[in-house]
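In: The following block contains a protein sequence and its predicted model.
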Amino acid sequence: MKIITCYKLVPEEQDISVKADGVLDTSKAAPKINQFDLNAVEAAVEIKALVGECKITALSIGGKALDNPKARKDILSRGPDELTVVVDEKFEQALPHQTARVLAAAAKKNGFDLIICGDGSGDLYAQQVGLQLGELLDVATINAVSKIVSVQDGKLTVERALDDEVEVLEITLPAVISVSADINDPSIPSMKTILAASKKPVTKLSIEDLELAEIPVLVESVSVLAPKQTDRKKIIIDGDDEKQVAEFAEYLRKALN
């Protein structure tokens, strides 16, 4: 069985600063694996434990950060058997439709039975890449998967938690699934797996290698700004009887009008 687990490098949140005009400054924020994609990688490792003979390929597109040896070792130490990266500066701020098209081309070149994506990314959290990827590959696609039940006879059984019920779905492979953050707790790499990661194969691809047609500019990112901060009113209403509740409601009414 061939599994592709997709991941994205995002800026470390605690190192992001906000400029006076609201623009986010990520110049001092080191790249890290998107937290939601760690769940996808862990899900792939768990499936490998179920089926036995299985090959996991970590796949990512992006800019020069993907060339960082530390970033490569980080993803490979978490269970994938190999790594494929598509590196191009134009993908530094790729939008979901662009990411999905490149991932689809790379997945076709690599071959796959199952592609696992995280539920979203820590920067945009558009929750679109997995769904668009499945559409482009013309395979069964499910999002918000909260549990992998079984893999057998060319079929994957999963659970999806809804507001008041749990769906059990059987998917014929090949397929693309997006997993939710509560599907597992990503394991922390051991020193042994970190050392072994440097020996795993890495394939670097370019747009030319994928023979990818020009990606249409369907959406243009105009700006990404931090929300404007509003000074606190410092209005304190002490008490919980009808008079205080009415006073609180009056302040809310004035603020909303």
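Out: On my side now, so go ahead. Numbering: from 1, shown residues only.

In: in this structure, which spans are helices?
Out: Counting by DSSP state H, the chain has helices at residues 35-51, 69-76, 96-110, 129-137, 191-197, 207-210, 242-256.

In: Figure out which of those is closest to E170.
Out: The closest of those to E170 is helix 35-51. By C-beta to C-beta, the value is 15.1 Å. C-betas here are computed from N, CA, C, even on glycine.

In: what separates the lowest-mean-pLDDT helix or strand in the chain from the chain centre, distance-wise?
Out: Sorting the helices and strands of the chain by mean pLDDT, DSSP states H and E puts strand 24-25 at the bottom, at a mean of 80. Averaged C-alpha coordinates place strand 24-25 at 21 Å from its chain's average position (C-alpha atoms, centre = their mean, to the nearest Å).

In: helices or strands next to that strand in the packing?
Out: Judged by 3 or more C-beta pairs under 8 Å, 6 or more residues apart in numbering; DSSP states H and E, the packing partners of strand 24-25 are strand 17-18.

In: isn't D37 right next to C117, touching?
Out: Yes. Counting by C-beta atoms under 8 Å, D37 touches C117, with 7.5 Å between them.

In: Any idea how far apart the tips of stretch 15-32 sit?
Out: In stretch 15-32, first residue to last residue: 11 Å (C-alpha to C-alpha, to the nearest Å).

In: what does that stretch contact?
Out: By C-beta atoms under 8 Å, 6 or more residues apart in numbering, the residues outside stretch 15-32 that reach it are 9-13, 65, 68, 71, 74, 223-226, 228.

In: What about those, which one has the most neighbours?
Out: Highest neighbour count within those, by other C-beta atoms under 10 Å: L9, with 24 neighbours.

In: Spatially nearest residue to it (excluding sequence neighbours)?
Out: In space, and not counting its chain neighbours, L9 is closest to P31: 4.1 Å by C-beta to C-beta, 6 or more residues apart in numbering.

In: Burial check on that neighbour, number of neighbours?
Out: If we define neighbours as other C-beta under 10 Å, then P31 has 20 of them.

In: same deal with I56?
Out: Counted with other C-beta under 10 Å, I56 comes out at 23.

In: pLDDT value on it, please?
Out: I56 is assigned a predicted lDDT (pLDDT) of 97.

In: what does K234 give?
Out: K234 is assigned 80 on the pLDDT scale.
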